[in-house]
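Participant: I need the structure of the sequence given here:
(one chain, ligands or ions: 1)
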Amino acid sequence: MGVYIRSIGAYVPENRVTNDDLTKLVDTSDEWIQSHTGIKARHICAEDEVTSDLAVKAAEQAIERGGIAKDEIDMLVVATASPDYTGFPSTASIVQDKLGLEKAAAFDLVAGCTGFVYGLETGRSLIEGGAFRNVLLIGVETLSRITNWKDRNTCVLFGDGAGAVVLSPSMSEESGIIDSLLGSEGSGAQHLVRRAGGSKEPIKLGSTKEEDLYIQMNGRQVYNFAVRVNTEVITTLLDRHQLTIDGISWIVPHQANIRIIQAAAGRLKIPMEKFFTNIHEYANTSAASIPIALNEMYETDKLQRGDLVLLTGFGAGLSYGGNLLKW
Ligand code: UT7
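Facilitator: Numbering: from 1, shown residues only. Here you go, the predicted structure:
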């Protein structure tokens, strides 16, 4: 028995913020942002929208498209770095209640922008192990809530959104998750960090530094790491299965920076046309970026059942990984 992506859904907030809009907040320009990242816009949630709301909207679409009854879903995994609450309760528990998944266990998965890639392998293992039948996996972020809107080094990069998939047992060879590669380089943890709010630096009124409440990043270090691991993940997954790039229909990378994707493509001599990108419209939505991309591909008929697809992710941790699957 294998495990396949039975259905997919996504949701991005209506509020579209352009690069020009950001020039009113920080000293930046549309030209700098586009030339350094490929980003033209991002979608930012409304004041009354929270992470679980975005997750529910994406999940409802995936559940409906999957033609699955809610009581058939017995596990819910929410990959996020921007939960409704810090620590507990899990956002997954909130989503489980809002969706009315009465038979589902629920937990959050924290692997930064690699969360969806980790989640696919987690879901596959849970089903193949026999303890669970159908897993709802959601990658969701409201990074706008933990972004320092005074820091031009980071605030131009991120966006909000959600993507969801239903994972089910696959009885045919036609589609399924074939293999995954998951890794971590914790020695780089400080390169992408939100310092305050945990046991190391509890928030203390009056003494917590404002910037420590938000995402802080050494962009260059993360960039170099990202190009290296993207290249390694693609090469390793192809080699393990004696595949060449010609056999792959699409590479769907985490959408963090178009230059990271171009650099990896250049090193591997893979044409950019093999990579699906939509970073120009959504910016970096962390754990949501790959399912949002897959959903757009699904809705525009770019994915056919049986297509070989490679997903690659990297992010806070520093974590990285990839999945090889037949759509
Ligand atoms: O999902 C994983 C999370 N993160 C990432 O994947 C990010 C990885 N890193 C990157 O994508 C890139 O390193 C950045 C886009 C963050 C930065 O691009 P860069 O080409 O590495 O620029 P830089 O950090 O070397 O900065 C170049 C200059 C600096 O000015 P000085 O010191 O040379 O005068 C920055 O202050 O660009 C300046 N700068 C900006 N200028 C205008 C940085 N941000 C901005 C901005 N607008 N928004």
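Participant: who in the stretch 1-150 of the chain is up against the ligand?
Facilitator: The stretch 1-150 of the chain comes close to the ligand at residues 28, 32-33, 36-37, 113, as judged by CB under 6 Å from any ligand atom. C-betas here are computed from N, CA, C, even on glycine.
Participant: Most neighbours among those, please name it.
Facilitator: Highest neighbour count within these, by other CB atoms under 10 Å: Cys113, with 32 neighbours.
Participant: How about the secondary structure of it?
Facilitator: The local conformation at Cys113, judged by DSSP: H, G, I helix; E, B strand; the rest coil, is helix.
Participant: Would you confirm that it contacts Ala283?
Facilitator: No - with contacts counted by CB atoms under 8 Å, Cys113 stays clear of Ala283, the gap being 12.0 Å.
Participant: buried residues in the top helix by length along the chain?
Facilitator: Criterion DSSP state H: the longest helix present in the chain is helix 219-240. Buried residues in helix 219-240, counted by 16 or more other CB atoms under 10 Å: 222-223, 225-234, 237-238.
Participant: Strands of the stretch 1-150 of the chain, start to end?
Facilitator: 2-11, 16-18, 41-43, 75-79, 105-109, 135-142 (DSSP state E, counting those that start in this stretch).
Participant: Would you state the strands of the stretch 151-300 of the chain in chain order?
Facilitator: Under the criterion DSSP E, counting those that start in this stretch, the stretch 151-300 of the chain contains strands at 160-170, 176-184, 192-194, 215-217, 250-253.
Participant: Ranking those by mean neighbour count, which comes first?
Facilitator: strand 160-170 (a mean of 27; mean count of other CB atoms under 10 Å).
Participant: how many degrees apart are that one and strand 75-79 in direction?
Facilitator: 140 degrees (axes from the mean of the first three to the mean of the last three CA atoms, to 10 degrees).
Participant: Quick one: the strands of the stretch 151-300 of the chain as JSON lines, columns for mean pLDDT too.
Facilitator: Formatted as JSON lines, the strands of the stretch 151-300 of the chain follow (pLDDT from 0 to 100):
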{"stretch": "strand 160-170", "mean pLDDT": "97"}
{"stretch": "strand 176-184", "mean pLDDT": "97"}
{"stretch": "strand 192-194", "mean pLDDT": "98"}
{"stretch": "strand 215-217", "mean pLDDT": "97"}
{"stretch": "strand 250-253", "mean pLDDT": "98"}
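Participant: can you redo the ones you listed as a markdown table with distance to Leu318?
Facilitator: Formatted as a markdown table, the strands of the stretch 151-300 of the chain follow (distance: least, CB to CB, whole Å):
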| stretch | distance to Leu318 |
| --- | --- |
| strand 160-170 | 22 |
| strand 176-184 | 7 |
| strand 192-194 | 7 |
| strand 215-217 | 11 |
| strand 250-253 | 16 |
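Participant: Any chance of these in CSV with distance to the ligand as columns?
Facilitator: Compiled in CSV, these are given as follows (distance: least, CB to the nearest ligand atom, whole Å):
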stretch, distance to the ligand
strand 160-170, 14
strand 176-184, 14
strand 192-194, 6
strand 215-217, 6
strand 250-253, 10
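Participant: of the ones you listed, which approaches Trp149 most closely?
Facilitator: strand 215-217 (10.9 Å; CB to CB).
Participant: Tell me which other helices or strands the closest one touches.
Facilitator: helix 152-155, strand 192-194 (3 or more CB pairs under 8 Å, 6 or more residues apart in numbering; DSSP states H and E).
Participant: Describe which strands the shortest one pairs with in its sheet and in which direction.
Facilitator: In the sheet containing strand 192-194, its partner strands are strand 215-217 (antiparallel), by DSSP bridges.
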